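Asks: sequence and predicted structure below; questions after.
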Amino acid sequence: MKTPVPDYLAHVLDQCHANTEGALADYIPELAAANPNRIALALSTIDGTIYSSGDDEVEFTIQSMSKPFAYALAIQEHGLAQVLEKVGVEPSGEAFNQISLEKERSIPKNPMINSGAITTHSLLPHKKTVSRAEHLRRFLSELCGRKLTFDEQVYQSELKAAFRNLSIGYMLRTVGVLEEDPEHIVHGYIQQCAIKVTVKDLARMGSVLANGGKDPVTGKCILDRQVCRQVLSVMMTCGMYDAAGDWLTTVGIPAKSGVAGGIIGVLPGQVGIAVFSPKLDSHGNSVRGVEIFERLSSDMGLHLMEGTPSAQTIIQSRREYDDGMVVYELRGVLQFTETEMFLRELQNEPVGKNKVVLDLTHLTLIHDVGARMLFEGVKRLQDDGHRVVVLDAESLLSEQQSKGHKRVIVQQHLHDYLK
């Protein structure tokens, strides 16, 4: 049985592809020449499984999506207290390139706007032979599990249009936030933004944050859990700039956007998500990317404030009988993450088994996307030749069953089926 997750992601892209609103980042010549039709989506679970669709192999520059990871590296290097002396955590409600500081302390309001990001860049580790941007490139490479590179053309293109960032740099030097040549720091920050990634890279990087700093593939602890909490908190309140309030209420996922058209989102304990489509709205966020995240949040129940408990282990037991019947007993809450894990387990059922029983008796809640994925999984098991029965003593599937899912046999109790 093949998992339905890739088909769902492809469906979301197909639904959002028709949206042609927005414009390319024309103030950066190389970004203005991007293909506006590109669209991609990737999702990584906290055990390292990556699903993707669309232009998922296309590289683009990370831009401001580097800011949360630079912030994490700075905290890891210096400690949170020292970083907070240079960069605050308050939402600015301003555009990403606004020239502004906190009134009382004369420091940038948060690390997601450019003034805060330039300051954060100055706090990155460096040596005479290894620049700050190179340190960050190596760090991001470790997070995504492959060697990333700089886009020299985009870097040079942005340098030629860096007047505003240079102005911010000189302002930061004037008030004493920067202690070095502002041009050197700004150039390094621009190079940091020119690191090339794919949506699969970003999803993998996001899964490390979702997993409390542990690489889901290697098991290595790359970041302290407290650092991840700090970074995700700031992403939630400041990551989408002056659209952060709308994002929090409609999507509800800690996220960061970039002017090349990418958005990375992280739901703690569940998934890392990344999208890419170059046309931007007035806030500098990908138009299609925002729409994709809105659909994912709604369909998959990913809004941070929904408050439904998550269970990492959805399968309570698997029992196999002499006649070839297999009974799966599920427990907890069936949301996207749990259903994906369960359907991945069902893929191991060999073709030829003719009885599969899914016992939902001990489930407390089934989210809409969990039900839809479960029905699709049952259909695919049936297509493989299995007879499938769903035990639904609490009638959790009754509403979805009435919507046309007639191929699923629903029983109330296991003993009725075993007769």
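Replies: Done, it's in.

Asks: how about the strands of the stretch 201-350 of the chain, start to end?
Replies: Along the stretch 201-350 of the chain, the segments classed as strands by DSSP state E, counting those that start in this stretch run 255-257, 262-267, 271-276, 315-320, 325-334.

Asks: which of those sits closest to Y27?
Replies: strand 255-257 (15.9 Å; C-beta to C-beta). C-beta here means a position set from N, CA and C on the backbone, and glycine is covered the same way.

Asks: the closest one: partners in the sheet, and parallel or antiparallel?
Replies: Using DSSP bridges, the strands paired with strand 255-257 are strand 262-267 (antiparallel).

Asks: the strand it pairs with versus strand 271-276: what angle between them?
Replies: Angle, strand 262-267 to strand 271-276, by axes from the mean of the first three to the mean of the last three C-alpha atoms, to 10 degrees: 170 degrees.

Asks: please parse the protein into its domains.
Replies: For the chain, automatic domain parsing gives the domain ranges 5-300, 315-418.

Asks: go through these and pick out the most buried.
Replies: Here the criterion is mean neighbour count by mean count of other C-beta atoms under 10 Å, and of the domains of the chain the winner is domain 5-300, at a mean of 20.

Asks: gap between that one and the chain center?
Replies: 11 Å (C-alpha atoms, centre = their mean, to the nearest Å).

Asks: tell me the mean pLDDT over it?
Replies: Mean pLDDT, domain 5-300: 93.

Asks: how far does it stretch from one end to the other?
Replies: Length of domain 5-300, first residue to last, C-alpha to C-alpha, to the nearest Å: 11 Å.

Asks: re earlier: okay, the domains of the chain in CSV with distance to E306 next?
Replies: Output for these, formatted as CSV (distance: least, C-beta to C-beta, whole Å):
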stretch, distance to E306
domain 5-300, 7
domain 315-418, 9
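
Asks: surely I253 meets I292?
Replies: No. Counting by C-beta atoms under 8 Å, I253 stays clear of I292, with 11.5 Å between them.

Asks: could you point out the longest strand in the protein?
Replies: The longest strand of the chain (DSSP state E) is strand 355-366.

Asks: what pairs with it, parallel or antiparallel?
Replies: In the sheet, strand 355-366 lines up with strand 325-334 (parallel), strand 387-391 (parallel) (DSSP bridges).

Asks: and the angle from whichever helix or strand comes after it to strand 387-391?
Replies: Downstream of strand 355-366, the next assigned helix or strand under DSSP states H and E is helix 368-383. Calculated by the same axes, to 10 degrees, helix 368-383 forms an angle of 150 degrees with strand 387-391.

Asks: quick revisit: okay, the strands of the stretch 201-350 of the chain in a markdown table with distance to D368 next?
Replies: Below are those laid out as a markdown table (distance: least, C-beta to C-beta, whole Å):
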| stretch | distance to D368 |
| --- | --- |
| strand 255-257 | 22 |
| strand 262-267 | 17 |
| strand 271-276 | 17 |
| strand 315-320 | 21 |
| strand 325-334 | 10 |
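
Asks: of all those strands, which one is nearest R137?
Replies: Once these are compared by C-beta to C-beta, strand 262-267 is nearest, at 16.5 Å.

Asks: show residues contacting the closest one.
Replies: With contact meaning C-beta atoms under 8 Å, 6 or more residues apart in numbering, strand 262-267 is reached by 60, 62-63, 65, 68, 197, 199, 202-203, 205-207, 209-210, 232, 235, 251, 253-257, 272-276, 285-286, 289-290, 293, 302, 304.

Asks: and the strands in the stretch 51-200 of the chain?
Replies: For the stretch 51-200 of the chain, applying DSSP E, counting those that start in this stretch gives strands covering 60-61, 196-197.

Asks: in contact with V369, which residues?
Replies: Contacts of V369 by C-beta under 8 Å, 6+ apart are 299-301, 335-336, 339.

Asks: OK, contacts around K256?
Replies: K256 neighbours (C-beta under 8 Å, 6+ apart): 64-65, 67-68, 112, 235, 239-240, 263-264.

Asks: in helices only, show me these.
Replies: Those of those mapping onto helices are 67-68, 235, per DSSP state H.

Asks: ok, those vs P4, which is closest?
Replies: M235 (29.3 Å).

Asks: for A162, see how far away the closest residue to that closest one other than its chain neighbours is.
Replies: Leaving aside its chain neighbours, M235 sits nearest to P254 (3.9 Å; criterion: C-beta to C-beta, 6 or more residues apart in numbering). Per C-beta to C-beta, to the nearest Å, P254 is found 28 Å from A162.

Asks: find the centremost residue of the chain, please.
Replies: Centroid-nearest residue in the chain, with C-alpha atoms, centre = their mean: I273, separated by 2.5 Å.

Asks: okay, and the beta partners of the residue lying closest to that residue once chain neighbours are set aside?
Replies: Leaving out its chain neighbours, the residue that sits closest to I273 by C-beta to C-beta, 6+ apart is G265, at 4.3 Å. When bridges are taken as DSSP bridges, the partners of G265 come out as A255, I273.

Asks: ok, G169 to K103 distance?
Replies: Relative to K103, and taking C-beta to C-beta, G169 is found at 20 Å.

Asks: again, but for G262
Replies: From G262 across to K103, the span is 33 Å (C-beta to C-beta).

Asks: for K86, same thing?
Replies: Taking C-beta to C-beta, one finds K86 at 16 Å from K103.

Asks: helices of the stretch 201-350 of the chain, start to end?
Replies: All helices of the stretch 201-350 of the chain, identified by DSSP state H, counting those that start in this stretch, fall at 225-238, 244-250, 287-300, 336-346.
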